[in-house]
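J.: Have a look at this fold, sequence not included:
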């Protein structure tokens, strides 16, 4: 009897380890996470997403009041420059790692201009930047990505349905492009 | 032989306990750092790089992109203030005021996070669209049939969840339920 109780206890303890291991491993094995759903879209390009409808949505729990676009990025060939014109009401840019963890976000008000403009790079690429360039570019916003690949979600709010075209137009003018480090300082 | 049976038994128990706990935790959407105000719950930390493994696993499993904390905070409710599960065949009133934010949106989703089809093609309200009372408060009627005022159609689905998202808001990881963060009340008014 005691033997079986001990085995039960041992099994339960082992189960705890199994539980933790599966929870930790899940993001790396998931095949229907947001990044995989968008895996067919082009890399380093802003791809507009269709507005969610009851019949079809790119991913669950999308906000129908927003017009959205994504840029699936790959920084292995160099840093990216992101430019997003501000929409009619509220525009935000959120950065996600390859495993859909949001590591940074900013909106039109915190960017403080009519255009949200920033450079996205890995910490290695940031360290490799010439120092004087870092100084001249003091007003330049640099975002460090923890993973070489990931997602940028660009979203513009249309507070009323009539403003959807304006929000869509703002996002249509957004760009995320690879930019040579040497050229970046001169602007 | 006894050893074989014994270890087999322990492994079966381990698999049941481990996988069962994982399934249970993820289908409940469990994560640490929940902020519950009234019937509404948010996980502000899930929108940051500090998201815990449970939040990460839930995000990966559902396939959604969480609202990043610098962008906003997303509150969801599956029950009314009396603890009854929200039923799309009933008339439910969401009323009150919201915490400070530049914009908010209220959206109705089915259990799978999809929008619910309805005759008028309305899936939610934004803070600009909603008609308010003289004191700034508002009331949204969530019901299957047309209602005067702010009507959010349920399409008659059995279960749904309401998601209230605040954009450009001070609500964050350090926020505690208090008078500073008033959330609208959810009351079931009548079921057919």
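T.: All right, it came through fine. Predicted, not measured: the structure shown is a model, and the values here were computed from it.
J.: Return the residues in contact with residue A:60.
T.: Residue A:60 sits next to B:62-64, B:109, B:112-114 when contact means CB atoms under 8 Å, 6 or more residues apart in numbering or on different chains. (C-beta placed from N, C-alpha, C; glycine too.)
J.: Go through these and single out the one with the most neighbours.
T.: Most neighbours among those, by other CB atoms under 10 Å in any protein chain shown: residue B:109, with 24 neighbours.
J.: Please name the nearest non-neighbouring residue to that one.
T.: Ranked by CB to CB, 6 or more residues apart in numbering or on different chains and with sequence neighbours excluded, the top spatial neighbour of residue B:109 is residue B:161, at 5.5 Å.
J.: What about that neighbour, how many residues nearby?
T.: Counted with other CB under 10 Å, residues neighbouring residue B:161 total 17.
J.: Report the separation between it and residue B:75.
T.: Distance of residue B:161 to residue B:75, computed by CB to CB, to the nearest Å: 10 Å.
J.: now residue A:116
T.: Noted for residue A:116: a distance of 26 Å to residue B:75, by CB to CB.
J.: Please identify which of the two sits among more neighbours.
T.: Between residue A:116 and residue B:75, residue B:75 has the larger neighbour count (other CB under 10 Å), namely 27 against 22.
J.: Isn't that one up against residue B:39?
T.: No - applying CB atoms under 8 Å, one finds residue B:75 not in contact with residue B:39, separated by 9.3 Å.
J.: ok, which stretches of chain B are helices?
T.: Remark: helices assigned in chain B by DSSP state H are B:2-27, B:53-62.
J.: Next up, the contacts around residue A:106.
T.: Contacts for residue A:106 (CB under 8 Å, 6+ apart) come out as A:92-93, A:116, A:118, A:141, B:70-71.
J.: ok so, going back, pick out the most distant pair among the contacts of residue A:60.
T.: Farthest pair in these (CB to CB) is B:63 and B:109. Separation: 13.5 Å.
J.: What pLDDT does the model give residue B:52?
T.: We have a pLDDT of 89 for residue B:52.
J.: er, residue B:144 actually
T.: 93.
J.: From chain A, how far off is it?
T.: Separation of residue B:144 from chain A (CB to the nearest CB, to the nearest Å): 15 Å.
J.: That residue: what's it in contact with?
T.: B:88-89, B:91, B:153-156.
J.: sorry, back to before: select only the buried ones of the contacts of residue A:106 in ChimeraX?
T.: The following ChimeraX line selects those of those that are buried, judged by 16 or more other CB atoms under 10 Å in any protein chain shown:
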select /A:92,93,116,118 /B:70,71
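J.: quick check, nearest of the contacts of residue A:106 to residue B:30?
T.: Nearest member of those to residue B:30, counting by CB to CB, is residue B:71, at 23.1 Å.
J.: you'd agree that closest one is up against residue B:65?
T.: No - the pair residue B:71 and residue B:65 does not pass the contact test of CB under 8 Å, sitting 10.3 Å apart.
J.: Nearest residue to residue 102 in space, ignoring adjacent ones along the chain?
T.: I went with chain A, as the question did not name one. The shortest distance from residue A:102 to any non-neighbouring residue, by CB to CB, 6+ apart, is to residue B:68 (3.6 Å).
J.: ah, no, chain B please
T.: Leaving aside its sequence neighbours, residue B:102 sits nearest to residue B:168 (CB to CB, 6+ apart; 3.9 Å).
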